[in-house]
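Novice: Could you work out the structure for the sequence below:
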Amino acid sequence: MGVTDSGLPPDAGRRRREQRGWCWYDWANSVFPTSVTTVFLSLYLTSVATRAAQADVARNGPDACPAGDALSRCDISLFGLAFPAGSLWGYLLSAATVIQVLVLPITGAIADRTQRKRTMLAAFAFGGALTTGLLALVAGQNWQLGVVLFVLANICFGASVVVYYSFLPEIADADERDRVSSRGWAFGYLGGGLALGTHLMIYLGHDAVGLDEDAAVRLVFLSSGVWWALFTLLPLAALKGHRPAPGATPAASAITGGFRQLATTLREARLYPLTLAFLGAYWIYTDGISTVTQVSAQYGNLELDLPQDSLIITLLIVQFIAFVGGMLHGMAARRIGAKKTIMISLCLWLVVLVAAYFVQAGQELQFYGLAVGIGLVLGGTNALSRSVFSQMVPPGKEAEYFSLYEVGERSTSWLGPLVFAGIGQATGSFRLAIISLVVFFAVGLVLVALVPVRRAIEAVGNRPPTIL
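Specialist: Down below sits the predicted model:
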């Protein structure tokens, strides 16, 4: 057998190139959930909607709604439904999630039936990048355009991630997936952190370049779309078209066949109860993870009385430390196995939440230390969950099952915030609210411990890794 210049056999050398290229899509798409969704669009779209409400006050008189700072409570309307401008972002996130729940399973079924994953990844990634860049057109009072563009970008983001995840079993064998998935997740946090740092410099330095705040935010949206599209070229160049699976279907018939295949997938999934057991455990603890990341700024602001710039620094710390955490999780998985590493990571999450309860108000350094703890476990837990699940999926149905993986994650993502908000309201303490989230990690830890991962992998016909 011949070797490449790197000393690897040709197939192994090609697989390594594909693996390195694959990781770059985590880097490329991370700008959307980080800079766009988490930081800039939520506040900007609310301000645009509030301006629309203010214009309504000007047309209809001061009695139309409360004045001054309370303008965000003035009503705007969409499809005949009226709601306060300040509630727009919450409703939009909920609606976008419901739409993803409907779309993603069909996306996975079509990807597996056509086996044109590279083409689909390109279409969804560039579509998401385009609609993200077009958010720069949202100005004045035109919040409706922002709603449409965000929904489209969010659909493209979720669909591209489903297709992207489904490549993992094709480019990495059982013993490689933990390393590849951890590296990709770590790259994602590093890329998201660098993009966010750049965007914060654009926003905070807007006066120096003659831009107002709105123009600076629109420039962030435009550059986010360019970032997403530009770095998507790297995985597309590295990933090759893999041989179609037996029974692969032309794209035209796959669209209708995708709906039938979805129903078949849901029926067949019951034949693999161990896969579903791990999936259920993942849905529980990932809800806890997403809730901690979503409410940490609120906890720091309302309970700990920390200023806005401290919260921004904290977010950057989490992003960059998560890169280190992802790499460390991959190294640990190679030594002790992915399941044990996930369980240790969930134990560390419990420690982080207990520490969060005892952080003193106004103590920025303590909060930064908490951010380091979150970053160390944030990326690795999800990265190893992705690689373990990829081994529990029947061959040839990767995209279908990863669509269930993503849909389930989004469908349960409401429970953690509900618990946090409910406990906070009932007790009047966000400290008790943050400590209440330990239940998600404790239950997830117990359920993961009960899943015989090796038997689950063998049950679907895959070879388990040497160390598990």
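Novice: quick one, helices of the stretch 1-150 of the chain?
Specialist: 10-29, 31, 42-60, 88-114, 117-134, 143-166 (DSSP state H, counting those that start in this stretch).
Novice: Can you tell me what sits against stretch 438-453?
Specialist: 274, 277-278, 280-282, 284-285, 287-288, 291, 338-339, 342-343, 346-347, 349-350, 353-354, 388, 392, 416, 419, 464, 468 (Cβ atoms under 8 Å, 6 or more residues apart in numbering). Any C-beta I mention is one placed from the backbone N, CA and C, and that applies to glycine too.
Novice: Among those residues, which ones are in strands?
Specialist: Judged by DSSP state E, strands contain none of those.
Novice: Mean neighbour count and mean pLDDT for the helices of the stretch 1-150 of the chain - can I get that in JSON lines?
Specialist: Listed next are the helices of the stretch 1-150 of the chain as JSON lines, based on neighbours: other Cβ atoms under 10 Å; pLDDT from 0 to 100:
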{"stretch": "helix 10-29", "mean neighbour count": "20", "mean pLDDT": "88"}
{"stretch": "helix 31", "mean neighbour count": "28", "mean pLDDT": "96"}
{"stretch": "helix 42-60", "mean neighbour count": "18", "mean pLDDT": "78"}
{"stretch": "helix 88-114", "mean neighbour count": "20", "mean pLDDT": "79"}
{"stretch": "helix 117-134", "mean neighbour count": "21", "mean pLDDT": "96"}
{"stretch": "helix 143-166", "mean neighbour count": "23", "mean pLDDT": "93"}
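Novice: Turn these into a markdown table, including distance to E213.
Specialist: Shown next, in a markdown table, are these (distance: least, Cβ to Cβ, whole Å):
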| stretch | distance to E213 |
| --- | --- |
| helix 10-29 | 26 |
| helix 31 | 20 |
| helix 42-60 | 9 |
| helix 88-114 | 18 |
| helix 117-134 | 19 |
| helix 143-166 | 16 |
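Novice: which stretch among those comes nearest A215?
Specialist: helix 42-60 (11.2 Å; Cβ to Cβ).
Novice: Against which helices or strands is that closest one packed?
Specialist: strand 75-78, helix 88-114, helix 143-166 (3 or more Cβ pairs under 8 Å, 6 or more residues apart in numbering; DSSP states H and E).
Novice: any chance of the ones you listed in JSON lines, plus distance to V453?
Specialist: Shown next, in JSON lines, are those (distance: least, Cβ to Cβ, whole Å):
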{"stretch": "strand 75-78", "distance to V453": "46"}
{"stretch": "helix 88-114", "distance to V453": "22"}
{"stretch": "helix 143-166", "distance to V453": "18"}
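Novice: Of those, which is nearest G424?
Specialist: Closest approach to G424 among those (Cβ to Cβ): helix 88-114, 15.9 Å.
Novice: For that closest one, which helices and strands make contact with it?
Specialist: helix 42-60, helix 117-134, helix 143-166, helix 251-269, helix 398-411.
Novice: need those in JSON lines with distance to L234, can you?
Specialist: Converted to JSON lines, the helices and strands packed on helix 88-114 look like this (distance: least, Cβ to Cβ, whole Å):
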{"stretch": "helix 42-60", "distance to L234": "29"}
{"stretch": "helix 117-134", "distance to L234": "11"}
{"stretch": "helix 143-166", "distance to L234": "13"}
{"stretch": "helix 251-269", "distance to L234": "25"}
{"stretch": "helix 398-411", "distance to L234": "21"}
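Novice: Wait, S30 touches A195, no?
Specialist: Yes. S30 lies in contact with A195 (Cβ atoms under 8 Å); the separation is 7.1 Å.
Novice: for the stretch 201-350 of the chain, what spans make up the helices?
Specialist: 213-238, 251-269, 273-298, 308-336, 338-358.
Novice: Would you indicate which residues of the fourth one are buried?
Specialist: Spelled out, it's helix 308-336. In terms of neighbour count (16 or more other Cβ atoms under 10 Å), helix 308-336 has its buried residues at 310-330, 332-334.
Novice: do the third one as well
Specialist: Of the residues in helix 273-298, those scored as buried under the neighbour-count criterion (16+ other Cβ under 10 Å) are 274-279, 281-293, 295-298.
Novice: re the thing from before, which one, of the helices of the stretch 201-350 of the chain, ends up nearest to A383?
Specialist: Here helix 308-336 is closest among those (Cβ to Cβ), at 5.4 Å.
Novice: and that closest one, average pLDDT?
Specialist: Average pLDDT, helix 308-336: 88.
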